[in-house]
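> all I have is the shape, not the residue letters:
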Ligand SMILES: Cc1ncc(COP(=O)(O)O)c(C=O)c1O
């Protein structure tokens, strides 16, 4: 007999999204013709200026430890970007650079959640929240939203979900998996509620540059009272096509940023030195580079919405941001497919299309399609879905 693993390992589930993506890749490698509409990453290459800056950094010997919380120039550049793009005012001492937004989020939860605390999270949500909250000793209380309301929660739902153990609210706008963008009026109501009930707000704004209707609103930019309890998370992965570089940012009240830095000190130390130099170049890119990617995503979104309208039984709210659509597919479930998991399995095995079942995000009866794929793949993938559902 070998010693037992720590009980906290029981809290961890492997990321189902990564598992489906891996299965699709394995099928493709075995020779199957698979169209992947499951990816959570831009299909563009990292901009050339970013690659060049990181390459130069390596050649110039910038390959040693940096301060744990990031190089000063990058922390300053994050402040400049947050002010310019989101009206969010912060000092470099409030910024922590981490190994991806995922680590930023984990740092945040670990420093504000006590064992036994509850965290309110609108569902569907990015599945990692539930696992990270669990590792921090808390539990997620889901606030269910539906496609009929464009996946937006109401303030009444937050009020109903509040309890004596509520410690924090996690918001994600633009949202993965729904693409929903929270209007300013709703963010104001949530901010007022958090202030009244003395709650932390963790605002996962990782998709902030990918908005299609109105400028992004950071909840922390609504005023100093809300900024004092808000941890805003952003990063390079989605905005600059840099998922593999692993650079995320958190902007938090100073004492929170210090606690997050102290935690990171003992876990990873600094994020990769030359990746930070790449991130600095990304934040200094000409606005037209990011705008070109945003416009391409917008055109693909409209193409996908158009194609999905042709599938009977799909109800798809128009997403205001990110690069996902989340049709309600309940009308297609029943005898043939017991649930969205069975439907997704069928589409992968028999139609050769990888999508993610909504259940994984706490959104049963839905599927998530990513339009971070070429237009040809989007056309072919959605045509295959239509054929598979129409076939007897
Ligand atoms: C909502 C959300 N937050 C955070 C992340 C993590 O981003 P990163 O790759 O920077 O860790 C993702 C990535 O899929 C995401 O979808």
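Yep, that arrived. These figures come from a predicted structure and were not determined experimentally.
> my read is residue 319 is in a strand, agree?
No. Applying DSSP: H, G, I helix; E, B strand; the rest coil, one finds residue 319 to be coil, outside a strand.
> how far away is residue 15 from residue 125?
Noted for residue 15: a distance of 13 Å to residue 125, by CB to CB, to the nearest Å. No exception for glycine: its C-beta is placed from N, CA and C like everyone else's.
> before we move on, what about residue 303?
Using CB to CB, residue 303 is found at 26 Å from residue 125.
> sec struct for residue 263, please.
Secondary structure, three-state DSSP: residue 263 is helix.
> who touches it in this structure?
The contact partners of residue 263, taken as CB atoms under 8 Å, 6 or more residues apart in numbering, are 107, 110, 111.
> what about the first one, how many residues nearby?
Neighbour count of residue 107, defined by other CB atoms under 10 Å: 28.
> and for it, nearest residue in space, chain neighbours not counted?
Sequence neighbours aside, residue 260 is the residue nearest to residue 107 in space, at 4.0 Å (criterion: CB to CB, 6 or more residues apart in numbering).
> which strand or helix spans that neighbour?
helix 254-265 (DSSP states H and E).
> neighbour count winner among residue 303 and residue 125?
Taking neighbours as other CB under 10 Å, residue 303 and residue 125 compare with residue 125 leading, 24 against 15.
> so what's that one up against?
If you count contacts by CB under 8 Å, 6+ apart, residue 125 has them with 142, 170, 172, 175, 177, 361, 362.
> count of neighbours near the fourth one?
Neighbours of residue 175 under the rule other CB under 10 Å: 27.
> pLDDT weak spots in the stretch 201-350 of the chain?
Of all residues in the stretch 201-350 of the chain, none has pLDDT under 70.
> ranges for the helices of it?
224-227, 254-265, 273-283, 287-309, 340-346 (DSSP state H, counting those that start in this stretch).
> looking at these, which is nearest to the ligand?
Among the helices of the stretch 201-350 of the chain, the nearest to the ligand by CB to the nearest ligand atom is helix 273-283 (10.7 Å).
> ok but residue 191 is inside a helix, no?
Yes. Under three-state DSSP, residue 191 sits within a helix.
> so how far is residue 220 from it?
For residue 191, the distance to residue 220 equals 9 Å [CB to CB].
> out of those two, which sits in the busier spot?
When residue 191 and residue 220 are compared for neighbours, residue 220 comes out ahead with 28 against 23, by other CB under 10 Å.
> which residues does the closest residue to the ligand within the chain contact?
Residue nearest to the ligand within the chain (CB to the nearest ligand atom): residue 100, separated by 2.8 Å. Residues near residue 100 by CB under 8 Å, 6+ apart: 235, 237, 246, 247, 248.
> flag every residue of the stretch 201-350 of the chain that's near the ligand.
The stretch 201-350 of the chain comes close to the ligand at residues 204, 206, 235, 237, 243, 248, as judged by CB under 6 Å from any ligand atom.
> partner residues bridging the third one?
Meaning residue 235. Taking DSSP bridges, one obtains residue 248 as the residues bridged to residue 235.
> is it true that it touches residue 248?
Yes. With contact defined as CB atoms under 8 Å, residue 235 counts as touching residue 248 (3.6 Å).
> mind checking which of the two has more residues around it?
Neighbour count, other CB under 10 Å: between residue 235 and residue 248, residue 235 has more, with 32 against 26.
> please report how far that one lies from residue 249.
Relative to residue 249, residue 235 is positioned 6 Å away (CB to CB).
> can you check residue 123 too?
Residue 123 is 26 Å from residue 249, by CB to CB.
> more neighbours, those two?
Legend: neighbour count by other CB under 10 Å for residue 123 and residue 249, higher for residue 249 (28 against 21).
> and residue 325, what does it touch?
Contacts of residue 325 (CB under 8 Å, 6+ apart): 179, 301, 304, 305, 308, 316, 319, 368, 369, 371.
> ok, residue 229 - how many residues close by?
Other residues within reach of residue 229, judged by other CB under 10 Å, total 22.
> repeat for the one 4 residues further on
The tally of other residues near residue 233 (other CB under 10 Å) stands at 26.
> next one: it from residue 81, what distance?
Distance of residue 233 to residue 81, computed by CB to CB: 14 Å.
> having no further points to raise, I will conclude here.
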